[in-house]
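S.K.: Prediction below, plus the sequence it came from.
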Amino acid sequence: MADQLLRKKRRIFIHSVGAGTINALLDCLLEDEVISQEDMNKVRDENDTVMDKARVLIDLVTGKGPKSSCKFIKRLCEEDPQLASKMGLH
C-alpha cells in the first residue's frame, strides 16, 4: 500500500526535500483535493523549518490513506524525480 511505503520512506523525505518541492506539492495536492486550504496553511504557516513542513506534510498525507498517498507519490515523481528515485518510488 502506498501509505505504508511512504511511512517507510518518511525519514528520507524529511531529510532530503527542499522548500520548492514542498510548495509545489502543496499546490498540486490542493488541486487534486488531497488536502484542504486549511491543511495547506497549517503546513506552510505553522512550521518554521523545511524539515518541520516536510514532517507535517507526509504525516498529513499518509493519515488520509492509500489513495491520497498514491496521489502524493505521483506528484512527487513529477515535481522532484531525483528525490522520488532516492526514496525508491519509481
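M.R.: Thanks, I have it.
S.K.: Before we move on, what's the pLDDT of the residue nearest to the spatial centre of the chain?
M.R.: Nearest to the mean C-alpha position of the chain, counting by C-alpha atoms, centre = their mean, stands Ile58 at 4.5 Å. Predicted confidence (pLDDT) for Ile58: 97.
S.K.: Repeat that for Asp32.
M.R.: 97.
S.K.: quick one: it from Met51, how far?
M.R.: Per C-beta to C-beta, to the nearest Å, Asp32 is found 24 Å from Met51. Where C-beta positions appear, they are placed from N, C-alpha and C, glycine not excepted.
S.K.: Counting neighbours, what do you get for Ser85?
M.R.: When neighbours are counted by other C-beta atoms under 10 Å, Ser85 registers 11.
S.K.: mean confidence for stretch 72-81?
M.R.: Here the average pLDDT along stretch 72-81 is 97.
S.K.: What are the boundaries of the strands in this protein?
M.R.: Counting by DSSP state E, the chain has no strands to list.
S.K.: Would you map the helices across it?
M.R.: Counting by DSSP state H, the chain has helices at residues 2-8, 10-16, 19-31, 37-45, 50-63, 66-79, 81-86.
S.K.: Lys53 against Asp45, yeah?
M.R.: No: contact criterion C-beta atoms under 8 Å: Lys53 and Asp45 do not qualify, at 9.7 Å.
S.K.: The two - which one has more neighbours?
M.R.: Just comparing Lys53 and Asp45: by other C-beta under 10 Å the higher neighbour count belongs to Lys53, 23 against 9.
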